[in-house]
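Participant: can't give you the sequence, but here's the structure:
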């Protein structure tokens, strides 16, 4: 079964790096957005199984986008992937309903672990 994955990050290079960390033996449909507002709109349109969200972006930041996504869909699985690892930022997004926070740059092992944890929630 193919999983829909939405990656919301203003850096095309970061989106490409994240996609390269996904296991090749599984099937994923990737969708991308370059800012939080576009990510929110795309979430509503495609209803992904899991969303990876950067925090620092133009138009709408990732924390606000996460908050709006979870307001729209309280069951949304959102993993924050960011270089901003300040305790205040992490605490805020966890309160907004993020499944977890991953430090950039991602590694294949960390992404595999995050996907394993999210699969448990998708069952």
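Facilitator: Received, thanks. Nothing here was measured: the structure is a model prediction, and the numbers come from that model.
Participant: Can you give me the distance of the spatially most central residue of the chain to residue 115?
Facilitator: In the chain, the residue lying closest to the centroid (C-alpha atoms, centre = their mean) is residue 52, at 1.1 Å. Using C-beta to C-beta, to the nearest Å, residue 52 is found at 10 Å from residue 115. Where C-beta positions appear, they are placed from N, C-alpha and C, glycine not excepted.
Participant: again, but for residue 47
Facilitator: 18 Å.
Participant: Who has more neighbours out of these two?
Facilitator: residue 115 (19 against 12; other C-beta atoms under 10 Å).
Participant: residue contacts, that one?
Facilitator: 22-23, 26, 50 (C-beta atoms under 8 Å, 6 or more residues apart in numbering).
Participant: So among those residues, which ones count as buried?
Facilitator: The neighbour count (16 or more other C-beta atoms under 10 Å) marks 22, 50 as buried among the contacts of residue 115.
Participant: any idea which of the contacts of residue 115 is the one closest to residue 88?
Facilitator: Nearest to residue 88 among those: residue 50, at 24.9 Å, using C-beta to C-beta.
Participant: Surely that closest one touches residue 3?
Facilitator: Yes. Counting by C-beta atoms under 8 Å, residue 50 does reach residue 3; the two are 6.7 Å apart.
Participant: Between these two, which contacts overlap?
Facilitator: Joint contacts of residue 50 and residue 3 (C-beta under 8 Å, 6+ apart) are residue 122.
Participant: Which of the three states applies to the residue located most distally from the centre of the chain?
Facilitator: For the chain, the largest distance from the centre (C-alpha atoms, centre = their mean) belongs to residue 25, which lies 20.5 Å off. Per DSSP: H, G, I helix; E, B strand; the rest coil, the local secondary structure of residue 25 is coil.
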